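In: Sequence plus the predicted model coming up.
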Amino acid sequence: MSSRTVEANCDGLVGPTHSYVGLSPGNIASQINAGEVSNPRAAVLEGLTKMRKLADWGVPQFVLPPHERPDLALLRAIGFSGTDAEVLDKAWKDAPALAAAACSASPMWAANAATVTPSADTVDGRVHFTPANLLTNLHRSLEGPQTARALRRLFPDETRFAVHDPLSAQSHFADEGAANHVRLCADHGDPGVNLFVWGREAFERWDGRYPARQTREAFEAIERRHSAARGVFARQGRAAIEGGAFHNDVVCVGTRECLLFHERAFEDGAAMQDDIRRAADGLFEPIFVEVREADLPMDDLVKSYLFNSQLLVLPGEDRLVLLAPGETRDNPRAHTVAQSLASSNGPIGRVEYVDVRQSMRNGGGPACLRLRVVLTQDELAAANPAQRFDAALHERLNVWAERRYRDRLAPADLADPALIVESREALDELTVILDLGGGFYPFQRAA
Ligand code: SUG
């Protein structure tokens with residue numbers, strides 16, 4: 001029974017406004033590449049190629065649609081008025097930083113879409129989702145309500161799925177979703193241990209150089225509302241945040257019994273391991289794989305994004321597969337670590353690489369682009385079939401992207417009113433392809 005439970009991957013499709021505007025302090029790639037010219041078409045095609053890889057490997061793969069950008073509702077709410085083109089134009093002239101935030105394609109990073117608790121770990125036997133409020137960064141704080149809508153379309157059956165609203169938008173409940181959550185278990189369908197990693201406490205005075213984006217209280221609230229079993233709480237290493245690991249998934253990844261993490265990932269790594277062992281007692285024996293700072297200094301870690309890999313259980317393979325970004329292969333130290341992980345007799349059998357370079361330049365690796373959802377076969381069958389990724393959908397979306405996306409977007413181009421129209425046309429067509437239903441996007445509801 002439990003062997004039929006799978007880990008589905010839901011990837012965020014890159015939106016037409018993918019750009020390099022430097023919106024995320026503490027995210028070093030975002031800062032370094034600010035002002036560069038992006039290629040939205042290449043970005044979406046890279047994401048599709050990654051999805052194809054997983055689908056071909058037998059992993060159930062779904063597509064989460066991009067959000068409507070620019071977010072003209074935000075700009076109107078802060079006092080810009082007139083036609084859509086006028087609103088965008090005035091905002092770029094008077095408040096360019098706010099206009100830039102309204103244009104971000106950041107919903108592509110689906111690891112931040114929500115925190116998910118599979119039915120094996122909840123009291124009511126439903127799969128629970130809390131969309132992240134992402135309120136540390138303005139451009140990301142716009143995502144929650146549309147993400148809730150998207151998850152309700154993908155998982156519509158309320159007898160099986162509970163999609164909550166995001167936590168309320170106070171900094172006390174700052175929440176970045178699954179990027180700071182890891183679930184360990186014997187097998188996907190078995191009871192799991194839920195590791196919730198937080199950066200600061202709600203009432204603590206945070207004086208770090210970079211923001212701590214997740215509060216302990218946010219995860220405690222999620223644990224309560226999901227009635228999630230076997231929660232373990234651990235504090236992100238301060239040194240990790242200072243070094244550019246703005247989410248735990250930049251320094252840690254886990255699946256099944258295996259937790260792979262960097263020495264600096266946790267404030268108290270030994271306590272974290274003890275707590276997981278205790279929670280897993282009688283269920284499974286956790287396997288901890290720690291990479292030392294001496295073998296992979298934080299600097300190389302952040303450049304290579306070794307830990308922002310997808311750690312996969314593939315059908316017919318006993319050992320795990322690590323799907324790492326091409327940047328890991330390019331970085332001599334990270335590459336050596338990756339090779340030694342695969343050649344040791346540990347839980348990881350092999351390392352594969354995938355290029356998601358357009359996303360990486362904004363600090364988003366393979367793991368950032370996907371939301372993992374553990375599903376029984378019945379739950380899998382209840383998901384919107386039009387969003388299930390296969391060769392036919394890949395072909396359709398490739399054609400759609402080639403036709404609808406620009407291959408060059410400088411930050412200044414975000415002020416182009418034609419981009420509003422182009423994006424809406426692209427999303428209108430996508431609504432049909434993915435069978436998202438009527439009124440899925442704000443512009444469709446206004447029409
Ligand atoms: O929130 N980048 C995203 C990257 C998110 C990565 N996700 C995970 N680690 N799970 C962020 O910092 C940059 C956008 C810009 O600078 O234009 C950005 O939002």
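Out: Ah, there it is. Numbering: from 1, shown residues only.

In: Leu380: what's it in contact with?
Out: For Leu380, the residues meeting the contact criterion (Cβ atoms under 8 Å, 6 or more residues apart in numbering) are 6, 8, 60. The way it works is simple: take the backbone N, C-alpha and C, and place the C-beta from them, glycine included.

In: Name the residues linked to the first one by a beta bridge.
Out: It refers to Val6. Partner residues in beta bridges with Val6: Leu375, with DSSP bridges as the criterion.

In: Now do the end-to-end distance for stretch 253-269.
Out: One end of stretch 253-269 to the other measures 14 Å (Cα to Cα, to the nearest Å).

In: three-state assignment of the residue nearest the centre of the chain?
Out: By Cα atoms, centre = their mean, the mean C-alpha position of the chain lies nearest to Ala111, the distance being 1.7 Å. For Ala111, the secondary structure call by DSSP: H, G, I helix; E, B strand; the rest coil comes out as helix.

In: Next: the one 5 residues further on.
Out: Val116 falls in the strand class when you classify it by three-state DSSP.

In: Next, find the distance separating it from Ala294.
Out: With distances taken as Cβ to Cβ, to the nearest Å, Val116 is found 35 Å from Ala294.

In: I'd like to know how many residues surround the residue nearest to Ala132 when sequence neighbours are not counted.
Out: For Ala132, the nearest residue in space outside its immediate sequence neighbours is Gly177; the separation is 3.4 Å by Cβ to Cβ, 6 or more residues apart in numbering. A count of nearby residues for Gly177, using other Cβ atoms under 10 Å, gives 30.

In: Can you give me the pLDDT of Gly177?
Out: Per-residue confidence for Gly177 comes out at a pLDDT of 98.

In: hang on, the earlier thing: what is the nearest of the contacts of Leu380 to Ala391?
Out: In terms of Cβ to Cβ, no member of the contacts of Leu380 lies closer to Ala391 than Pro60, at 14.2 Å.

In: Does that closest one touch Gln377 like I think?
Out: No: look at Pro60 against Gln377 with Cβ atoms under 8 Å: they stay out of range, at 9.9 Å.

In: Name the residues contacting each of these two.
Out: Shared contacts of Pro60 and Gln377, defined by Cβ under 8 Å, 6+ apart, are found at Val6.

In: Which one's more surrounded, those two?
Out: Between Pro60 and Gln377, counted using other Cβ under 10 Å, Pro60 has the larger neighbour count: 19 against 13.

In: I'd like the distance between that one and the ligand.
Out: Counting by Cβ to the nearest ligand atom, to the nearest Å, the gap between Pro60 and the ligand amounts to 20 Å.

In: Just give the closest residue to that residue, not the sequence neighbours.
Out: Ala8 (4.1 Å).

In: how about the one you found, phi and psi?
Out: When quoted as degrees, to the nearest 10, the phi and psi of Ala8 stand at phi -80, psi 150.

In: Could you report the neighbour count for Leu195?
Out: 26.

In: now Val123
Out: Considering only other Cβ under 10 Å, Val123 is surrounded by 10 other residues.

In: Equivalent analysis for Glu395, please.
Out: 12.

In: so what's Pro70 up against?
Out: With contact set as Cβ under 8 Å, 6+ apart, Pro70 has these partners: 17, 88, 99, 102-103, 414, 419-420, 423.

In: again with Arg69
Out: 15-17, 102-105, 423.

In: That one in helix, strand or coil?
Out: Here Arg69 takes the coil state, with states given by three-state DSSP.

In: where does Ser3 land on pLDDT?
Out: Ser3 carries a pLDDT score of 55 in this model.

In: Next up, phi/psi of the residue lying closest to Pro107 once chain neighbours are set aside, please.
Out: The shortest distance from Pro107 to any residue that is not its chain neighbour, by Cβ to Cβ, 6+ apart, is 4.5 Å, and that residue is His67. Here is the backbone geometry of His67 (degrees, to the nearest 10): phi -90, psi 160.

In: and Glu293, how far is that from Leu341?
Out: With distances defined as Cβ to Cβ, the gap from Glu293 to Leu341 amounts to 16 Å.

In: the more surrounded of these two?
Out: Per other Cβ under 10 Å, whichever of Glu293 and Leu341 has more neighbours is Leu341, with 22 against 14.

In: How about the more buried one: what's its closest non-neighbour residue?
Out: Distance criterion Cβ to Cβ, 6+ apart; nearest residue to Leu341, sequence neighbours excluded, is Ile348 at 4.9 Å.

In: same check, this time on Asn9
Out: For Asn9, the nearest residue in space outside its immediate sequence neighbours is Arg370; the separation is 4.5 Å by Cβ to Cβ, 6+ apart.

In: Pull the contacting residues for the one you found.
Out: 9-12, 110-111, 310.

In: Identify the bridge partners of it.
Out: Applying DSSP bridges to Arg370, the residues it is bridged with are Asp11.

In: How about Val193?
Out: Applying DSSP bridges to Val193, the residues it is bridged with are Leu184.

In: The residue nearest to Ala132 against Pro107, yeah?
Out: No: look at Gly177 against Pro107 with Cβ under 8 Å: they stay out of range, at 11.4 Å.

In: Common neighbours of the two, please.
Out: When contacts are counted by Cβ under 8 Å, 6+ apart, Gly177 and Pro107 have Ala113 as shared neighbours.

In: sorry, back to before: of the contacts of Arg69, closest to the ligand?
Out: Distance to the ligand across the contacts of Arg69 (Cβ to the nearest ligand atom) is lowest for Ser104, with 5.4 Å.

In: Correct me if wrong: the closest one contacts Val14.
Out: No: counting by Cβ under 8 Å, Ser104 sits too far from Val14 to count as a contact (11.4 Å).
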